[in-house]
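Q: model the following, please.
(4 chains)
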Protein chains: 2
Amino acid sequence: MDADDESILAFLKAVSSRHRLLILTWLLAPRQHFPPQRDGDLVEDGVCVGFITEKIGMSQPTVTGHMQILAEAGLVTSRRIKNWVFYRPCRDVIAARLGGLEGLLGAAAPEGGGPDAQ
Amino acid sequence: MDADDESILAFLKAVSSRHRLLILTWLLAPRQHFPPQRDGDLVEDGVCVGFITEKIGMSQPTVTGHMQILAEAGLVTSRRIKNWVFYRPCRDVIAARLGGLEGLLGAAAPEGGGPDAQ
DNA sequence: AGACTATATAGGTATCTGGCTATATGGATG
DNA sequence: CATCCATATAGCCAGATACCTATATAGTCT
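A: Below is the predicted model:
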């Protein structure tokens, strides 16, 4: 387990919660899930906490907590505009973690295609 | 969240544990991590619980518990030969879950490449 | 059959997780 | 400057998780 694996593990812990996985999929396709915002573009700036809170039907502090876990894993960034905080997905980081996970688990052959292949 | 997403979530919960992720990577490349076995081939039959227990340095019941979680997520299967139980990874299921996760998270563009793309 | 071996189950405990309410913070607005 | 608004933090509690030891189970071998 090197540092790379640690970030993959953080990614897995972040998205292994039903609610966080759901939120992340919403953020990745925000116009499909949220109405337009006055003071920030859904795609360019992200989705404000209030929208997420309302849609998921949990308390605002709980949602903030989930967003912090996603942020600490590097999967989203936040930006403040006026009174709102907008969370936007980090598509490159998400792609990198998916790629890293595939590198760990996705090998088709047991030992690199050698004589061990089934 | 449909049934497909549920299996992805089960996959994520199974591999979001450091120890289980480690074990799964060992099982995927067993000859790199374990010595040959007398009564079962590492690749064809899988790795016996005793080997995993010794290598990971935890109690045998704890390891059995981890293996059951991996098995319930469909990521490994078990086979008994004589007194040993061998666990082998289900490479097709693992690949399917990885693919499903990419389908959820891997879209490069926000809304399918439409005018929302950044 | 009886002893032995490897794994599974039961049961107990400490820690982690995920939710809540109440309150603080930091900007915006009048 | 005072108020208000959206979000963040603090603190609490219930349930889940991850480990352990002790014991049961199921199969092998003499």
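Q: which stretches of chain A have low pLDDT?
A: Applying pLDDT under 70 to chain A flags residues A:1, A:107-118.
Q: repeat that with 90
A: A:1-4, A:106-118 (pLDDT under 90).
Q: all strands for it, in order.
A: Here chain A has its strands, by DSSP state E, at A:47-48, A:76-81, A:84-89.
Q: what packs against the shortest one?
A: Packed against strand A:47-48 by the contact rule (3 or more Cβ pairs under 8 Å, 6 or more residues apart in numbering or on different chains; DSSP states H and E) you find strand A:84-89. Where C-beta positions appear, they are placed from N, C-alpha and C, glycine not excepted.
Q: circling back: export the strands of chain A to TSV and tack on distance to B:K55 and mean neighbour count?
A: What follows is these, written out as TSV (distance: least, Cβ to Cβ, whole Å; neighbours: other Cβ atoms under 10 Å in any protein chain shown):
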stretch	distance to B:K55	mean neighbour count
strand A:47-48	44	26
strand A:76-81	36	16
strand A:84-89	37	22
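Q: and those as TSV, adding distance to B:S59?
A: What follows is the strands of chain A, written out as TSV (distance: least, Cβ to Cβ, whole Å):
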stretch	distance to B:S59
strand A:47-48	45
strand A:76-81	38
strand A:84-89	40
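Q: nearest to DNA strand C, of those strands?
A: DNA strand C lies closest to strand A:76-81 among the strands of chain A, at 7.3 Å (Cβ to the nearest atom of the strand).
Q: hang on, the earlier thing: okay if I get the strands of chain A as JSON lines plus distance to DNA strand D?
A: Formatted as JSON lines, the strands of chain A follow (distance: least, Cβ to the nearest atom of the strand, whole Å):
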{"stretch": "strand A:47-48", "distance to DNA strand D": "4"}
{"stretch": "strand A:76-81", "distance to DNA strand D": "5"}
{"stretch": "strand A:84-89", "distance to DNA strand D": "4"}
